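Participant: Next one to model:
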Amino acid sequence: MRLMRWIDMPPVWLFACLILAWLQASYLTYGLTFGGAWADFLGGILVGGGILLMLLAVVEMRRQHTTIIPHQTPSRLVQSGIFSRSRNPIYLGDILVLAGLILRFDAVLSLPLVPIFVWILERRFIEPEENRMRRTFRQDWARYEGKVRRWV
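Facilitator: Predicted coordinates:
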């Protein structure tokens, strides 16, 4: 059971989606394409933005001395830095990386992986995390949740 908790992590789900997108782009293109340089450029911007969001969030959580592990309750409610703009900047970064690499891979048929990945993140990670934080931080969480949106 302990192994499953470590396997059931957002980077593992992201990696699985990326493998599916790459396989689709490599073997099942059906002649569909995003159309060249603009997709590569936009894909690069999305990947870079996603990585930047993740780094900003990790730095802020480390600065606040709390965990970044999804299945654990943080010791502090981080509301500063990037967390003043999004309650889930790491997950948002994951989504941007997936969307950007789908563009870079030219994996047109893999676009539905983005909303599927969002659904997985919300059901498996975000909702349980928010419930834990709601129980732990009570009024502070209620104020934070009212002030800062889940995504952007």
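Participant: Could you pull up phi and psi at residue 8?
Facilitator: Backbone torsions of residue 8, given as degrees, to the nearest 10, read phi -80, psi 70.
Participant: Am I right that it is in contact with residue 120?
Facilitator: No - using CB atoms under 8 Å, residue 8 is not in contact with residue 120, being 10.1 Å away. C-beta: built from backbone N, CA, C; applies to glycine.
Participant: higher neighbour count, those two?
Facilitator: residue 120 (17 against 13; other CB atoms under 10 Å).
Participant: Now do the buried residues in stretch 51-71.
Facilitator: Within stretch 51-71, the residues that count as buried by 16 or more other CB atoms under 10 Å are 53-54, 56-57, 60-61, 64, 66, 70.
Participant: Quick one: mean pLDDT over it.
Facilitator: Averaged over stretch 51-71, pLDDT sits at 94.
Participant: CA atoms of it as PDB?
Facilitator: Taking C-alpha atoms only, stretch 51-71 is exported to PDB below (Å, rounded to 0.1, in the frame of the first residue of the first chain):
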ATOM      1  CA  ILE A  51       8.200  25.000 -15.000                       C
ATOM      2  CA  LEU A  52       8.500  28.600 -13.600                       C
ATOM      3  CA  LEU A  53       5.200  28.200 -11.800                       C
ATOM      4  CA  MET A  54       6.300  25.000 -10.200                       C
ATOM      5  CA  LEU A  55       9.700  26.400  -9.100                       C
ATOM      6  CA  LEU A  56       8.100  29.500  -7.600                       C
ATOM      7  CA  ALA A  57       5.700  27.300  -5.700                       C
ATOM      8  CA  VAL A  58       8.400  25.000  -4.400                       C
ATOM      9  CA  VAL A  59      10.600  27.900  -3.300                       C
ATOM     10  CA  GLU A  60       7.700  29.500  -1.500                       C
ATOM     11  CA  MET A  61       6.700  26.300   0.300                       C
ATOM     12  CA  ARG A  62      10.300  25.600   1.300                       C
ATOM     13  CA  ARG A  63      10.600  29.200   2.500                       C
ATOM     14  CA  GLN A  64       7.500  28.500   4.700                       C
ATOM     15  CA  HIS A  65       9.000  25.200   5.900                       C
ATOM     16  CA  THR A  66       6.100  23.100   4.800                       C
ATOM     17  CA  THR A  67       5.700  19.900   2.700                       C
ATOM     18  CA  ILE A  68       5.100  19.800  -1.100                       C
ATOM     19  CA  ILE A  69       4.000  16.100  -0.900                       C
ATOM     20  CA  PRO A  70       0.400  15.900  -2.100                       C
ATOM     21  CA  HIS A  71      -0.800  13.200   0.300                       C
END
